[in-house]
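A.B. asks: Kindly return the folded structure for what I paste below:
(chains A and B)
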Number of protein chains: 2
Amino acid sequence: MFNLFPLKGGFDNVQGFFCDGVNVGMKKSATDGDVAFVRSDVACEVSAIFTKNRFAAAPIKHFLGYPKGFKTNFLLLNSKNANAMTGHEGVADIEKLFEKLHLRLANIQNPIMSSTGVIGYRLDCEKIATAFDKFDFNAKNSDATARAIMTTDRFKKEICFKVELEDGSFFHIAAICKGAGMINPQMATMLCFILSDAAIPKEDMDILLHQSVTKSFNTISVDGDTSTNDTVMLLSSKCSGVYDKEAFSEALDLICKHLSLEILKDGEGSNKVVAFEVKGCEDEKQAQKAAKALSNSLLVKTAIFGADPNWGRIASTIGACEITCNEESLVIHYDTVLVYSKEHPSLDAQTEQKAALVMQKDSFKITCDLGVGDASYTAYGCDLSYEYVKINADYRT
Amino acid sequence: MFNLFPLKGGFDNVQGFFCDGVNVGMKKSATDGDVAFVRSDVACEVSAIFTKNRFAAAPIKHFLGYPKGFKTNFLLLNSKNANAMTGHEGVADIEKLFEKLHLRLANIQNPIMSSTGVIGYRLDCEKIATAFDKFDFNAKNSDATARAIMTTDRFKKEICFKVELEDGSFFHIAAICKGAGMINPQMATMLCFILSDAAIPKEDMDILLHQSVTKSFNTISVDGDTSTNDTVMLLSSKCSGVYDKEAFSEALDLICKHLSLEILKDGEGSNKVVAFEVKGCEDEKQAQKAAKALSNSLLVKTAIFGADPNWGRIASTIGACEITCNEESLVIHYDTVLVYSKEHPSLDAQTEQKAALVMQKDSFKITCDLGVGDASYTAYGCDLSYEYVKINADYRT
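C.D. replies: Predicted coordinates:
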């Protein structure tokens, strides 16, 4: 038995951590942070899941240069520049920054950097280093930290749970996250930093993080594009001295699920979050293939934007997946509205109106039962609007 | 030695064929045809390549019901309704229509139907059958025929070559085609009907059509969505008595290439045709995977729409393909403008301006040399504009 209590304040609740975000001039408005840090009193074990993109960004290469099982007490974060496709120099820039940081803070240990923004430009190290004089290294400023990693995000993504065990002891787990475009889930899909003060062993950190990410970030897609910088990272200060595996796992699952749906809600130009449940498949791989194809189909995404219950596009997308399926056993629902059942379209004027009403909601579910087996998978996607095109036609200006 | 002379008039040049298109009220304007036929004096051998979509439409199932090597002298074509996901009844509707047709034209043999339009609605057979009284069965009206199969197409797609051999003998090959959205090339990708009066053996028809389609329609993508109705069909009346394999093959290649690029040019909401050449790959499969990923990436397509030389999206897309590649050997050009070479971005202000100029053209090429092998593949795509979203958010009204 345990209880999860949501708390405001994100990282500020987690014992042993400090954080702050400042503007060094990369974002135009001086009130929008572009560089942030997270540090801890004690060195923390760290679990991380990175992008599967072959051109992983410099911060990821730098991280992977540390020996297995290393501990860290410092994260440096920036937006506006991904430090990706910058070669050896990109990694050297990070080392240069940490040398400068070391002059300000003597006790940093295995510092980690994480970056998001445009690909293909060297970091302006001089500019970023000015943050070291602006940071309050003893601040608990989760809000500024979460804001400093935002790019095209329309809102800040932050969450915290107090996890109380039966005996009244408790620990915290909190996360901040950014992501709105270049989101596709073979993996991490964005930046997400999760802090805890639970006394969790490293082995559990690795296993539970992997499980949670598989069930959350890896099921969402904004645009089918997999970034060079995707990172999900979990650190624990262990300061609470308290731990319960089941409770931690449930809180972590909730946090990852919540933040992944927040990313979709904030998907570039997106207005709706849609669950694509594909069931009755021969195996889970086929169900996943079909569910992800639906969440990435331009025709499905534009029909959702237009609230047009054009289920033929759903059927056509499934048919194009090269999986086992047939017209005779397929059944399609929009929420509870049946639109196609085993060779029989049910789309009379009344049904069509009902389905269109479902599609006008902020979120709904499209269920496809292939009727050829028992496996299922649910992928999450969003609509494709004029706004997405606008944002991405000239992202860099 | 042979010469290819382009001719106006499409199908009208090909000996032994007649065709016409009329309006039966499915398209709103009475001047826009929605039903057409193509017939021949003699029964023709036919080669066809159909969609790989598991939910192939009723006309495709009907075609596949004929014995191998069958001959036909009649094609019935319609737009506005795809007759897909209509089950056994969809096939029965086609048979019903051909029974009615038989009352008007006694000598039809193994008639074929081909449909395009919305998925999931039964054909209005009564309405379509009114075309049988409106058709001029002895017309040579390629223009009306090509127009009757248009859906969201902005322009008619029609081409004809007179193929003249060294001895002065000649034959014709002509095609009409439709396609603008739901275009993705695992296969045929749209409707295309190719007629010839060459004395081509059936074996050559099959081999040459397959070769041409692989090099043309299968390399293009408008939106990554594979339709239920894709069809490329080649019929020859053999009326000219003339044939030369090399000449026929070259003319067929030119026709398929031309029409596939016409489809891209007419891609829903598209303004630009872009060639994505991926070379220096370990094998052709990897090159194809990367080239197609580029042509389907929303971020790449929107950057092209905005004429933004954001080569980082090109690199990121390649990196996400799970193929052999590395930053150290990758080289990226926009036409002849070098933007990235082996860990070094070349995008200073001057280069960026040059690359932006390239992207403002109607058509250009993005070349990625992965530098790890000798294989290459070129895919063709288009930009993603507001217009695409508009067209597809409410296609059915």
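A.B. asks: Kindly tell me how buried the closest residue to chain B within the stretch 101-250 of chain A is, as a neighbour count.
C.D. replies: The stretch 101-250 of chain A approaches chain B most closely through A:I119 (2.5 Å), counting by C-beta to the nearest C-beta. Bear in mind the C-beta positions are built from the backbone N, C-alpha and C, glycine included. Around A:I119 there are 26 other residues, counting by other C-beta atoms under 10 Å in any protein chain shown.
A.B. asks: what sits against it?
C.D. replies: A:57, A:82, A:84-85, A:228, B:310-313, B:315-316 (C-beta atoms under 8 Å, 6 or more residues apart in numbering or on different chains).
A.B. asks: can you do 6 Å?
C.D. replies: A:82, A:84-85, B:312, B:316 (C-beta atoms under 6 Å, 6 or more residues apart in numbering or on different chains).
A.B. asks: Tell me which of those residues fall in helices.
C.D. replies: B:312, B:316 (DSSP state H).
A.B. asks: which among the contacts of A:I119 gets closest to A:N138?
C.D. replies: A:A82 (29.5 Å; C-beta to C-beta).
A.B. asks: That closest one and chain B: what is the separation?
C.D. replies: 7 Å (C-beta to the nearest C-beta, to the nearest Å).
A.B. asks: Likewise for A:A84?
C.D. replies: 7 Å.
A.B. asks: Surely that residue and A:A57 touch.
C.D. replies: Yes. Between A:A84 and A:A57 there is a contact at 3.7 Å, judged by C-beta atoms under 6 Å.
A.B. asks: What number of residues are in the vicinity of the residue lying closest to A:G306 once chain neighbours are set aside?
C.D. replies: The spatially closest residue to A:G306, leaving aside those adjacent along the chain, is B:A393, at 3.0 Å (C-beta to C-beta, 6 or more residues apart in numbering or on different chains). Counted with other C-beta under 10 Å, residues neighbouring B:A393 total 20.
A.B. asks: Any stretches of the stretch 251-397 of chain A with poor pLDDT?
C.D. replies: Scanning the stretch 251-397 of chain A for pLDDT under 70 picks out A:394-397.
A.B. asks: Let me see the ranges of the strands in it.
C.D. replies: Using DSSP state E, counting those that start in this stretch, the strands assigned to the stretch 251-397 of chain A run over residues A:273-281, A:331-334, A:337-341, A:344-345, A:363-369, A:375-382.
A.B. asks: and the fifth one, how far from the chain's centre?
C.D. replies: The chain centre lies 22 Å from the centre of strand A:363-369; the measure is C-alpha atoms, centre = their mean, to the nearest Å.
A.B. asks: can you pull the buried residues of that strand?
C.D. replies: By 16 or more other C-beta atoms under 10 Å in any protein chain shown, the buried positions in strand A:363-369 come out as A:364-369.
A.B. asks: and the two most separated of those residues?
C.D. replies: A:F364 and A:D369 (16.5 Å).
A.B. asks: quick one on the thing from earlier: between the strands of the stretch 251-397 of chain A, which gets nearest to B:C125?
C.D. replies: Going by C-beta to C-beta, the one of those nearest B:C125 is strand A:344-345, 16.4 Å.
A.B. asks: what residues does the longest helix belonging to chain A touch?
C.D. replies: Ordering each helix of chain A by length in residues (DSSP H) puts helix A:245-265 first. Helix A:245-265 is contacted from outside by A:2, A:4, A:157, A:159, A:161, A:163, A:173, A:175, A:177, A:179, A:190, A:198, A:200, A:204, A:208, A:212, A:216-217, A:220, A:273, A:380, A:382, using C-beta under 6 Å, 6+ apart.
A.B. asks: same check, this time on stretch A:134-147
C.D. replies: Counting by C-beta under 6 Å, 6+ apart, A:9-12, A:18-22, A:33, A:36-37, A:156, A:158, A:176 sit against stretch A:134-147.
A.B. asks: buried subset of the residues you listed?
C.D. replies: Of the contacts of stretch A:134-147, these count as buried by 16+ other C-beta under 10 Å: A:10-12, A:18-22, A:33, A:36-37, A:156, A:158, A:176.
A.B. asks: Now for the residues you listed: which two are most distant?
C.D. replies: A:F18 and A:K156 (18.7 Å).
A.B. asks: one step back: mind checking which of the contacts of helix A:245-265 are buried?
C.D. replies: A:2, A:157, A:159, A:161, A:163, A:173, A:175, A:177, A:179, A:190, A:198, A:200, A:204, A:208, A:212, A:216-217, A:220, A:273, A:380, A:382.
A.B. asks: Which positions in the stretch 51-200 of chain A make contact with chain B?
C.D. replies: Within the stretch 51-200 of chain A, the positions near chain B by C-beta under 6 Å from any C-beta of the partner chain are A:53-55, A:85, A:87, A:119-120.
A.B. asks: Select from those residues every entry located in helices.
C.D. replies: Per DSSP H, the subset of these in helices is A:G87.
A.B. asks: Could you tell me the angle between the longest helix of chain A and strand A:273-281?
C.D. replies: 120 degrees (axes from the mean of the first three to the mean of the last three C-alpha atoms, to 10 degrees).
A.B. asks: Just the buried positions in helix A:245-265, please.
C.D. replies: Going by 16+ other C-beta under 10 Å, helix A:245-265 has these buried residues: A:247-265.
A.B. asks: do the same with stretch A:55-64
C.D. replies: Under 16+ other C-beta under 10 Å, the buried positions of stretch A:55-64 are A:55-63.
A.B. asks: And for stretch A:276-289?
C.D. replies: Those would be A:276-281, A:286-289, for stretch A:276-289 by 16+ other C-beta under 10 Å.
A.B. asks: Let me see the ranges of the helices in the stretch 101-250 of chain A.
C.D. replies: Ranges of helices within the stretch 101-250 of chain A are A:125-129, A:131-134, A:142-148, A:202-215, A:245-265, based on DSSP state H, counting those that start in this stretch.
A.B. asks: Now render these as JSON lines, adding distance to B:Q360.
C.D. replies: Formatted as JSON lines, the helices of the stretch 101-250 of chain A follow (distance: least, C-beta to C-beta, whole Å):
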{"stretch": "helix A:125-129", "distance to B:Q360": "32"}
{"stretch": "helix A:131-134", "distance to B:Q360": "38"}
{"stretch": "helix A:142-148", "distance to B:Q360": "35"}
{"stretch": "helix A:202-215", "distance to B:Q360": "41"}
{"stretch": "helix A:245-265", "distance to B:Q360": "33"}
